[in-house]
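> my questions are about this predicted structure, shown below with the sequence.
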Amino acid sequence: MTAIIILISTTLLIFVSSLLSLETCDAFITPGHQRLISINPSSSLTRIYSIKEESSNNESPLNNIPVIKEWLNNSIIRSSVFAASVAFTTLSIQPANANTIIQSTTSSSITLATDTANTDAVDGEIQKGGPPAYDETWNLVKKYALDQSYNHQDWDEVYTKYLNGLPMDPSTPTDEKRIMQAASNMVSSLGDKYSRVLDKDAYERIQKFDLIGVGATLMPDPNTKEIVLGAPPVVNSAADQAGLKSGDAVLAVNGKETAGRTAFDIIDQISEDPNAGQITFTVRSSDGGEIKDVIMKREFLEVKNPISYRVSETRSDGTKVGYVRIAEFNSIVKPNVEAALKDLESQNVGAYVIDVRGNPGGAFQSAVEIAGLFMDDKLATNVIDGNGVELAFKTSKDRVVIDEKDPVAIWVDGKSASASEVLSGALRDNCRAVVMGDTSFGKGLVQAVYGLKNGFGLVLTVAKYLTPAGTDINKVGIAPDISREEALPSLPSFVPLAGSDTSRVDFKDVTERMTMCSSE
């Protein structure tokens, strides 16, 4: 069952207008059930997060995801995962709207490699005998839903309720539409506005988070531990055109053996040269055929650089102020933020404003990685599933770009959500930044995006996250340390120059607050 797990901090799953809340997603990543949104889905470079297993419950929705299993087994997780190549988690602000999600389509079934995993690979799946996609949806909810009471319903009774009258063989677009509408109604019964079924087009758009660029999902084989294609390649992608199949073993990437490495390690390797036009997989087919090198052209959906930056001012004491605007957390956000910060550092900037106003979120792990540019080996967030299993995500080691003594202000508003809140909470709770502006959106839930075999997708709330201080910001948001009226420009961020005026920020006060915070 193609599973894209998108860690959607609260409400961050993307947009109904374009993706019905899948345009701006917070992606987390997991090479097994494909994307852990969100948390992006995801980002790029090597990131090592320590993971603490608070529970040995093997039935945990997080623990049952292949990638998560790998993380727990290894006690670490390399987060540089992508979107269509490793499971990922997405966060978005848009609530579900079943009426707009399910649409009739005559296009061929699309099984995205992003966050997808074969249904048979899900431990303990119950074979109910209904239409495959309907059964897949039911099983995913039963296994991974954060609310294990299913909105105080008997989940077996719910299965029967919506199954009545459905065709068992979706041989026509009309039959498929009826089946998926029933699945959508079943998911809607959870009473969770963020959980919903995605049509094929909406699910396919998640490819904007693909860091590999060939439409292949990589994950460890549960038995051999080899890196394999965990799902069918994206239709018409380079991997599909090269004839790769689900289950094919990837023995090497660009000549470097994959044995003993995780899917995250491989994404990290690929991310070292993000502009490379092609990639070579050394592949052994799933039927035990010959080993061969497959050279594929890397192609990406058009993804806009979400970063704008400049030296906004030089103050009377000589301090240069750097302003960095992050519009969304997409697949290229982390390397672009890093490049911007390094450029500003080369210009001797000594104080920073990070502007995430109006940023609805995106790749969850990207927020953690960006936090790592400001602080070394610190707790960024805790993710907790429906069974109480807790995963602690830490920033990477030795990746800091900004001197830890440089004052940092992070600007937020009521539209700053999910990954924006992960970044803001991580920096503030670690005394690395002061939050300014208006109270943020307040999305502390994590959604996973699962790809179904028929090309549709399921967005499901699977966990919640807490800030490093243990704060649950869901429906509450992050309250600023300093109000918008005190320090921010009167104009919004999209207004050139005037919207990024940093002159009202008192960096001496910011420094004092950071120092006091650290001493507490």
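Good, I have the coordinates.

> can we go C-alpha only for contacts and neighbour counts from here?
Will do.

> gap between S518 and I402?
Distance from S518 to I402, counting by C-alpha to C-alpha, to the nearest Å: 17 Å.

> tell me which of the two has more neighbours.
A direct count of neighbours by other C-alpha atoms under 10 Å for S518 and I402 places I402 higher, at 22 against 12.

> and the more buried one, what is it in contact with?
By C-alpha atoms under 8 Å, 6 or more residues apart in numbering, I402 lies in contact with L341, E345, L373, F374.

> closest to K320 out of those?
E345 (9.9 Å; C-alpha to C-alpha).

> okay, now the closest residue in space to S493 that isn't next to it in sequence: neighbour count?
The shortest distance from S493 to any non-neighbouring residue, by C-alpha to C-alpha, 6 or more residues apart in numbering, is to G499 (4.4 Å). By other C-alpha under 10 Å, 14 other residues sit near G499.

> please enumerate the helices of this protein.
Here the chain has its helices, by DSSP state H, at 66-74, 98-101, 132-144, 155-163, 173-188, 200-204, 238-241, 263-271, 333-346, 364-371, 419-429, 484-487, 507-519.

> can you redo those as TSV with distance to A463?
Listed next are these as TSV, based on distance: least, C-alpha to C-alpha, whole Å:
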stretch	distance to A463
helix 66-74	13
helix 98-101	21
helix 132-144	9
helix 155-163	19
helix 173-188	16
helix 200-204	21
helix 238-241	32
helix 263-271	21
helix 333-346	24
helix 364-371	13
helix 419-429	14
helix 484-487	31
helix 507-519	29
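
> out of these, deepest packed?
Of these, the one with the most neighbours on average (mean count of other C-alpha atoms under 10 Å) is helix 364-371, at a mean of 33.

> which strands or helices does it pack on?
helix 333-346, helix 419-429 (3 or more C-alpha pairs under 8 Å, 6 or more residues apart in numbering; DSSP states H and E).

> distance to R298 added to the ones you listed, as a markdown table?
Output for these, formatted as a markdown table (distance: least, C-alpha to C-alpha, whole Å):
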| stretch | distance to R298 |
| --- | --- |
| helix 333-346 | 18 |
| helix 419-429 | 27 |
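
> is it possible to export those helices to CSV including distance to S171 and mean pLDDT?
CSV is the format used below for these (distance: least, C-alpha to C-alpha, whole Å; pLDDT from 0 to 100):
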stretch, distance to S171, mean pLDDT
helix 333-346, 42, 96
helix 419-429, 40, 97
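
> nearest to N185, out of the ones you listed?
Of all those, helix 419-429 comes closest under C-alpha to C-alpha, at 28.6 Å.

> could you list the low-pLDDT ranges of the protein?
By pLDDT under 70, the weakly predicted segments of the chain are 1-125, 204-211, 222, 231-232, 235, 262-264, 267-268, 271, 274, 301-302.

> which residues of the stretch 351-500 of the chain fall in strands?
In the stretch 351-500 of the chain, the strands defined using DSSP state E, counting those that start in this stretch lie at 379-385, 390-394, 408-412, 434-437, 445-451, 457-466, 482-483.

> pick the most deeply packed of these.
By mean neighbour count, with neighbours taken as mean count of other C-alpha under 10 Å, strand 445-451 ranks first of the strands of the stretch 351-500 of the chain at a mean of 38.

> coming back round to it: make a markdown table from the strands of the stretch 351-500 of the chain and add distance to M296 to it.
Converted to a markdown table, the strands of the stretch 351-500 of the chain look like this (distance: least, C-alpha to C-alpha, whole Å):
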| stretch | distance to M296 |
| --- | --- |
| strand 379-385 | 36 |
| strand 390-394 | 33 |
| strand 408-412 | 40 |
| strand 434-437 | 44 |
| strand 445-451 | 23 |
| strand 457-466 | 26 |
| strand 482-483 | 50 |
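
> ok, which of the ones you listed comes nearest V333?
Closest to V333 of those is strand 408-412 (C-alpha to C-alpha; 16.5 Å).

> quick check: angle from that closest one to helix 419-429?
Orientation of strand 408-412 against helix 419-429 (axes from the mean of the first three to the mean of the last three C-alpha atoms, to 10 degrees) gives an angle of 140 degrees.

> partner strands of strand 408-412, parallel or antiparallel?
strand 349-355 (parallel), strand 434-437 (parallel) (DSSP bridges).

> can you list contacts of it?
Contact with strand 408-412 is made by 351-358, 424, 432-440, 480, 488, 507, 510, as judged by C-alpha under 8 Å, 6+ apart.

> make it 7 Å
For strand 408-412, contacts defined as C-alpha atoms under 7 Å, 6 or more residues apart in numbering pick out 351-357, 424, 432-438, 440.

> and if you look at stretch 485-492?
With C-alpha under 7 Å, 6+ apart as the test, stretch 485-492 has contacts from G437, A498, G499, S500, D501, R504, V505.

> now those residues in JSON lines, with distance to I179?
Output for those, formatted as JSON lines (distance: C-alpha to C-alpha, whole Å):
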{"residue": "G437", "distance to I179": "46"}
{"residue": "A498", "distance to I179": "52"}
{"residue": "G499", "distance to I179": "48"}
{"residue": "S500", "distance to I179": "49"}
{"residue": "D501", "distance to I179": "53"}
{"residue": "R504", "distance to I179": "57"}
{"residue": "V505", "distance to I179": "55"}
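
> drop anything exposed from those residues.
The neighbour count (16 or more other C-alpha atoms under 10 Å) marks G437, S500, D501, V505 as buried among these.

> list just the nearest of those to G165.
Ranked by distance to G165 (C-alpha to C-alpha), the buried ones among the contacts of stretch 485-492 are led by G437 at 53.0 Å.

> next up, the contacts around the closest one.
W411, V412, D413, P480, I482, S483, R484, L488.

> find the nearest non-adjacent residue to it, please.
R484 (3.8 Å).

> and that neighbour, how close does it get to M436?
As judged by C-alpha to C-alpha, R484 and M436 stand 6 Å apart.

> for the stretch 201-350 of the chain, what spans make up the strands?
Using DSSP E, counting those that start in this stretch, the strands of the stretch 201-350 of the chain run over residues 218-220, 227-229, 249-253, 256-257, 278-284, 291-297, 307-314, 320-326, 349-355.

> how long is stretch 196-216 from one end to the other?
Start and end residues of stretch 196-216 are separated by 24 Å (C-alpha to C-alpha).

> and the closest residue in space to N359 that isn't next to it in sequence, how far is that from V435?
Leaving aside its chain neighbours, N359 sits nearest to S416 (4.8 Å; criterion: C-alpha to C-alpha, 6+ apart). As defined by C-alpha to C-alpha, S416 lies at a distance of 12 Å from V435.

> follow-up on the earlier one: what distance do you get for the residue nearest to S493 to V389?
Distance of G499 to V389, given as C-alpha to C-alpha: 42 Å.

> list just the nearest of the contacts of strand 408-412 to Q241.
Using C-alpha to C-alpha, V356 comes nearest to Q241 of the contacts of strand 408-412, at 39.1 Å.

> looks like the closest one contacts S416 (just checking).
Yes: in terms of C-alpha atoms under 7 Å, V356 counts as a neighbour of S416; the distance is 6.2 Å.

> is L229 in a bridge, and if so with what?
Per DSSP bridges, the residues bridged to L229 are L218.

> tell me who's in contact with it.
For L229, the contact set (C-alpha under 7 Å, 6+ apart) comprises A216, T217, L218, M219, K245, S246, G247, D248, A249.

> how about T314?
Taking C-alpha under 7 Å, 6+ apart, we find T314 in contact with K320, V321.
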